[in-house]
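1. heads up, no residue letters with this:
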């Protein structure tokens, strides 16, 4: 009886070891789920950053290209504006034909200037005299004192400013006033220069007509002056032709640069589409991983419920084993008292001991089977650790893939190869996990079979005790022995019930 109590204690130790292994499996699955979740979140953040960075790079390239194009157009616009103003100063000096030619050329150049600004989307900034100075749009290159005007009032415009897409490209250069000083007439020379030139041109035209009508003696002098002016106008016309050729060449260069910019934009659009396709593919993979994580969580919840039930069963078994140990001590004392009364049953007892030895051998065989099962569990743990290492390798491959995505333009082919390798490794990992689940189910079935086998052994032992009861005729004592044997089950039977 004491030997049976020691065996029960050994069985309780084996059961505790099995519980530790189950908890370890649960912890490993928790770590696996956590690592997969961290990996999915990292992949999501990496691709969000990559998408934002690609968009920012495209916008920066577009702004840079637009800025270079606008700067070149501003040079052309300033040249056209200076040419228009130069023709306004030379007009009206005695020849109507030349004045009409100059006016036609000036109007055509002014139209070209306006078309150039409209086509490029550039908005000129040209404040008029009397407006309030705005330091965000204008730059004061000269300050003139004028007590008749408020402080910081624009007197004249020196050079226009320009804006593109509501962004300031170049501020307008102006002359402003400072109130409270001495009046200076030169402060308005820039504002009234154009009016003076217009009056001079008109007076020149009137004088030329008066001279043609009333001063015939100076006709030859006027003709010489006209010839000289025609010669100057011819030189100016040739200069205009050269400027027009320069302008056309500049326009051609701008067209070529615009075509190159369009090609670059198309190329970036294609790259962006390729990158978006890669992002969609990775998002699909992420959804698959999330589905796997949800399934693992569901399985873990079921395992946790089963483990809680088994822990409750274990506590009950421990309490029962303690009670049985105390009851065994009491029975051992009573057994010493009854040894004198059962000497006659020694022969039959030897046969019973032989049967019990056979049962002990079977129990030892069951213990060996249990050790084999524990070895199988250890192998399963090793395979789980191997799968975890493979998942770690897959994580490293994914990290390498995220780095390759940063250089997607240059390493698109290598990225595709790494993605395929990662998918293959993940497929192998899933197959390994499915195989381990199948093995676990087989172990559960084997434990159920062993439990049923232990129950059959207990039934045979009960039959033998019934035969002993019939032979002895002492019904009450045999019933107590039977109850004692039923309560003292083998430790492996308790462990199989725990597994079930």
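-> Nice, I can see it. Just so we're clear, the structure is a prediction, and the values are computed from it rather than from any experiment.
2. which is the next helix or strand following the helix or strand that contains residue 281?
-> For residue 281, the element it lies in under DSSP states H and E is helix 219-338. Heading C-terminal from helix 219-338, the first helix or strand you meet, by DSSP H and E, is helix 346-406.
3. Could you list every helix and strand that that next one packs against?
-> The helices and strands touching helix 346-406, judged by 3 or more Cβ pairs under 8 Å, 6 or more residues apart in numbering; DSSP states H and E, are helix 2-90, helix 412-472, helix 491-499. The C-beta positions use only the backbone N, C-alpha and C, and glycine is treated the same way.
4. any idea of the angle the helix holding residue 281 forms with helix 346-406?
-> 170 degrees (axes from the mean of the first three to the mean of the last three Cα atoms, to 10 degrees).
5. Counting by contacts, list what helix 219-338 packs against.
-> Identification of packing neighbours for helix 219-338 by 3+ Cβ pairs under 8 Å, 6+ apart yields helix 2-90, helix 96-120, helix 189-214, helix 412-472, helix 475-487, helix 491-499.
6. in stretch 292-302, what counts as buried?
-> Residues of stretch 292-302 classed as buried: 292-293, 296, 300 (neighbour count, 16 or more other Cβ atoms under 10 Å).
7. mind checking the SS state of residue 136?
-> coil (DSSP: H, G, I helix; E, B strand; the rest coil).
8. which SS class is the closest residue to it other than its chain neighbours?
-> Of all residues not flanking residue 136 in the chain, residue 168 sits nearest, at 7.4 Å (Cβ to Cβ, 6 or more residues apart in numbering). Of the three states, residue 168 takes strand under three-state DSSP.
9. which one among the buried residues of stretch 292-302 gets closest to residue 70?
-> Residue 70 has its nearest neighbour among those in residue 293, at 52.1 Å by Cβ to Cβ.
10. residue contacts, that closest one?
-> 33, 36-37, 40 (Cβ atoms under 8 Å, 6 or more residues apart in numbering).
11. how does it look with 7 Å?
-> 33, 36-37 (Cβ atoms under 7 Å, 6 or more residues apart in numbering).
12. That one and residue 101: what is the separation?
-> 83 Å (Cβ to Cβ, to the nearest Å).
13. between the buried residues of stretch 292-302, which is nearest residue 393?
-> If you rank the buried residues of stretch 292-302 by distance to residue 393 using Cβ to Cβ, residue 292 comes first, at 17.2 Å.
14. On the secondary structure side, give me the element for residue 141.
-> Here residue 141 is assigned to strand 138-145, by DSSP H and E.
15. Each with direction, which strands does the next helix or strand after that strand pair with?
-> Next along the chain after strand 138-145, taking DSSP H and E as the criterion, comes strand 154-159. The strands beside strand 154-159 in its sheet (DSSP bridges) come out as strand 172-178 (antiparallel).
16. in the partner strand, what's buried?
-> Buried residues in strand 172-178 (16+ other Cβ under 10 Å): 172, 174-178.
17. And the residues you listed, which is closest to residue 56?
-> Nearest member of those to residue 56, counting by Cβ to Cβ, is residue 172, at 31.2 Å.
18. what residue ranges in the stretch 401-500 of the chain score low on pLDDT?
-> Applying pLDDT under 70 to the stretch 401-500 of the chain flags residues 401-402, 404-409, 411-412, 415-416, 419, 426, 429-430, 468-500.
19. since we're on the nearest residue to residue 121 once chain neighbours are set aside, how many residues are nearby?
-> The shortest distance from residue 121 to any non-neighbouring residue, by Cβ to Cβ, 6+ apart, is to residue 164 (6.2 Å). Neighbours of residue 164 under the rule other Cβ atoms under 10 Å: 19.
20. what's the answer for the one 5 residues further on, then?
-> By the other Cβ under 10 Å criterion, the neighbourhood of residue 169 contains 18 residues.
21. quick one: pLDDT of it?
-> Per-residue confidence (pLDDT) for residue 169: 83.
22. Equivalent analysis for residue 175, please.
-> Reported pLDDT for residue 175: 90.
23. That one contacts residue 157, doesn't it?
-> No: assessed by Cβ atoms under 7 Å, residue 175 is found out of contact with residue 157, at 8.1 Å.
24. returning to that earlier point: got a markdown table for the buried residues of strand 172-178, with distance to residue 77 too?
-> A markdown table is the format used below for the buried residues of strand 172-178 (distance: Cβ to Cβ, whole Å):
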| residue | distance to residue 77 |
| --- | --- |
| 172 | 13 |
| 174 | 18 |
| 175 | 21 |
| 176 | 24 |
| 177 | 28 |
| 178 | 31 |
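25. Going by distance to residue 391, which of those wins?
-> Using Cβ to Cβ, those come closest to residue 391 at residue 172, 64.4 Å.
26. Beta-bridge partners for the closest one, please?
-> Beta-bridge pairing of residue 172, defined through DSSP bridges, involves residue 138.
27. can you tell me how far residue 361 sits from residue 451?
-> 19 Å.
28. more crowded one of these two?
-> Using other Cβ under 10 Å as the criterion, residue 361 and residue 451 rank with residue 451 on top: 19 against 10.
29. quick one, phi/psi of residue 131?
-> Note on residue 131: its backbone torsions stand at phi -70, psi 160 [degrees, to the nearest 10].
30. these two touch, right, it and residue 154?
-> Yes: applying Cβ under 7 Å, one finds residue 131 in contact with residue 154, separated by 4.8 Å.
31. So which of those two has more stuff around it?
-> Legend: neighbour count by other Cβ under 10 Å for residue 131 and residue 154, higher for residue 154 (22 against 13).
32. Test my guess that that one contacts residue 126.
-> No: here residue 154 lies out of contact with residue 126, judged by Cβ under 7 Å, at a distance of 10.5 Å.
33. ok, how many other residues are close to residue 122?
-> 18.
34. what's the answer for residue 157, then?
-> Using other Cβ under 10 Å, the number of residues around residue 157 comes to 20.
35. quick one: the helix holding residue 281 to helix 96-120, angle?
-> If you take the same axes, to 10 degrees, helix 219-338 sits at 0 degrees to helix 96-120.
36. distance of the residue nearest to residue 136 from residue 139?
-> When distance is defined by Cβ to Cβ, residue 168 is 11 Å away from residue 139.
37. Quick check: pLDDT value at residue 231.
-> pLDDT, read off for residue 231, is 75.
38. what's the answer for residue 138, then?
-> At residue 138, pLDDT is 90.
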